[in-house]
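[1] model this:
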Amino acid sequence: MFTDHSLVLGSGGITGIAWMTGLLLGLNEMGVDLRECGKMLGTSAGATVAAQIREDSDLWELYERQVYTSKQVQELAPQIRLLRLLPLAMAILPKLNAPIERTRRIGQLALRAEAENAQARQSVITARLHPRQDWPAKPLALVAVDVLTGETRMFDRRSGVGLADAVAASCAVPGIWPPVNIDGRQYMDGGIRSSSNADLAERSSGVIIVSPLGANRGIPGRTLSRQIAKLEQSGTRVQVIGPDRTAAAAMGKNPLNPARRAIAAQAGRAQGHLIATAFEQYWR
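    Numbering: from 1, shown residues only. Coordinates of the predicted model:
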């Protein structure tokens with residue numbers, strides 16, 4: 001049903017991973033399997049989920065790893081040092097009109113902040129993906145941003161980059177997690193470019209966007225709502241799924257809070273059950 005469609009999974013932190021996992025399971029239990037999409041694009045939290053589900057995945061097992069304490073990955077407690085740089089950021093960023101220049105400046109600020117231990121962070125990413133180590137055969141692209149240039153980098157199985165490294169780069173929130181060194185370049189969170197990067201999913205007949213942050217987040221000029229309009233203008237059918245009111249409450253205001261994983265996943269699963277029929281009818 002979705003083989004000529006792209007599935008876009010967006011940013012949203014630890015609670016976003018949990019909610020998306022529950023949502024995908026809930027839809028699947030009602031007969032809607034988004035793993036059938038011909039292409040997948042993941043950013044930040046969405047990079048983790050996309051890598052997990054792309055091939056030979058057990059959605060119930062992934063759900064259990066969010067809900068049951070004994071199966072949860074031990075996450076690091078982030079120390080949000082970027083807050084120390086906010087006064088400087090607020091003085092610089094509003095003066096920059098070009099999105100890539102704003103992104104590059106964020107990268108410069110991120111490099112000035114102390115970062116958590118890179119090896120420990122990489123261990124968390126590897127544990128999230130376990131037992132998967134290699135890229136799936138089916139099309140999968142993960143978005144990151146070059147810290148120094150602000151340019152977008154899309155990693156896939158042809159990039160010559162390990163899957164865990166690509167996921168870590170896409171998830172490297174500046175000032176919270178360390179940039180990831182790949183082939184001598186430093187990369188940070190793809191969500192700095194855009195919360196979902198849906199505009200990179202062009203040339204699909206349909207695009208399904210799962211966005212833990214909703215449609216109006218992102219840096220000026222690259223909000224998801226603007227990207228949706230661009231896709232629709234090109235003739236692409238688009239549907240966005242964001243957290244409903246119950247799920248948003250379950251996820252809370254801090255997307256990096258691992259204590260809310262279980263209730264976020266449960267709310268996502270319930271939402272998947274609720275929307276499955278209408279969702280399937282939309283794409284017929």
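[2] okay, CA-based contacts and neighbour counts for the rest of this
    Noted.
[3] got any ranges where the protein has weak pLDDT?
    Applying pLDDT under 70 to the chain picks out residues 79-102, 104-105, 107-116, 215-222.
[4] middle-most residue in it, spatially?
    By Cα atoms, centre = their mean, the chain has its centre lying nearest to residue 46, at 2.5 Å.
[5] ok, and it, which helix or strand is that part of?
    Under the criterion of DSSP states H and E, residue 46 resides in helix 45-53.
[6] Give the buried residues for that helix.
    Buried residues in helix 45-53, counting neighbours by 16 or more other Cα atoms under 10 Å, are found at 45-53.
[7] for the stretch 1-150 of the chain, what spans make up the helices?
    With DSSP state H, counting those that start in this stretch as the criterion, the stretch 1-150 of the chain has helices at 13-29, 45-53, 59-67, 86-92, 99-112, 118-129.
[8] By residue count, tell me the biggest helix in this structure.
    Counting by DSSP state H, the longest helix found in the chain is helix 261-282.
[9] ok, residues contacting it?
    In this structure, residues lying in contact with helix 261-282 by Cα atoms under 8 Å, 6 or more residues apart in numbering are 14-16, 18-27, 29-32, 63, 66-68, 243-244, 246-247, 250-251.
[10] Give me the buried subset of those residues.
    Using 16+ other Cα under 10 Å as the threshold, 14-16, 18-27, 29, 32, 63, 66-67, 243, 247, 250-251 are the buried ones among the contacts of helix 261-282.
[11] Could you verify my assumption that residue 76 touches residue 122?
    No. Assessed by Cα atoms under 8 Å, residue 76 is found out of contact with residue 122, at 10.7 Å.
[12] Skip the chain neighbours and tell me the closest residue to residue 64.
    With sequence-adjacent residues excluded and distances taken as Cα to Cα, 6 or more residues apart in numbering, residue 64 is closest to residue 71, at 6.9 Å.
[13] distance of the one you found from residue 62?
    Note on residue 71: its distance to residue 62, by Cα to Cα, to the nearest Å, is 9 Å.
[14] returning to what we had before: look up how far residue 59 lies from the residue nearest to residue 64.
    14 Å.
[15] same thing with residue 256?
    Distance, residue 256 to residue 59, by Cα to Cα: 22 Å.
[16] Same check on residue 167?
    Residue 167 sits 19 Å away from residue 59, going by Cα to Cα.
[17] Who has more neighbours out of the two?
    Higher neighbour count among residue 167 and residue 59: residue 167, with 32 against 19, using other Cα atoms under 10 Å.
[18] can you tell me which residues contact that one?
    Counting by Cα under 8 Å, 6+ apart, residue 167 makes contact with 44, 47-48, 51, 125, 142.
[19] residues contacting residue 232?
    So residue 232 contacts residue 238 (Cα under 8 Å, 6+ apart).
[20] do the one 10 residues further on as well
    Each residue near residue 242 by Cα under 8 Å, 6+ apart is listed here: 210-215.
[21] Turn the buried ones among these into a named PyMOL selection, would you?
    Entered in PyMOL, the line below selects the buried ones among the contacts of residue 242, by 16+ other Cα under 10 Å:
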select buried, resi 210+211+212+213+214+215
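[22] Just send the contacts of residue 242 back as CSV, with distance to residue 203 and secondary structure too.
    Below are those laid out as CSV (distance: Cα to Cα, whole Å; DSSP: H, G, I helix; E, B strand; the rest coil):
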residue, distance to residue 203, secondary structure
210, 18, strand
211, 20, coil
212, 24, coil
213, 24, coil
214, 23, coil
215, 21, coil
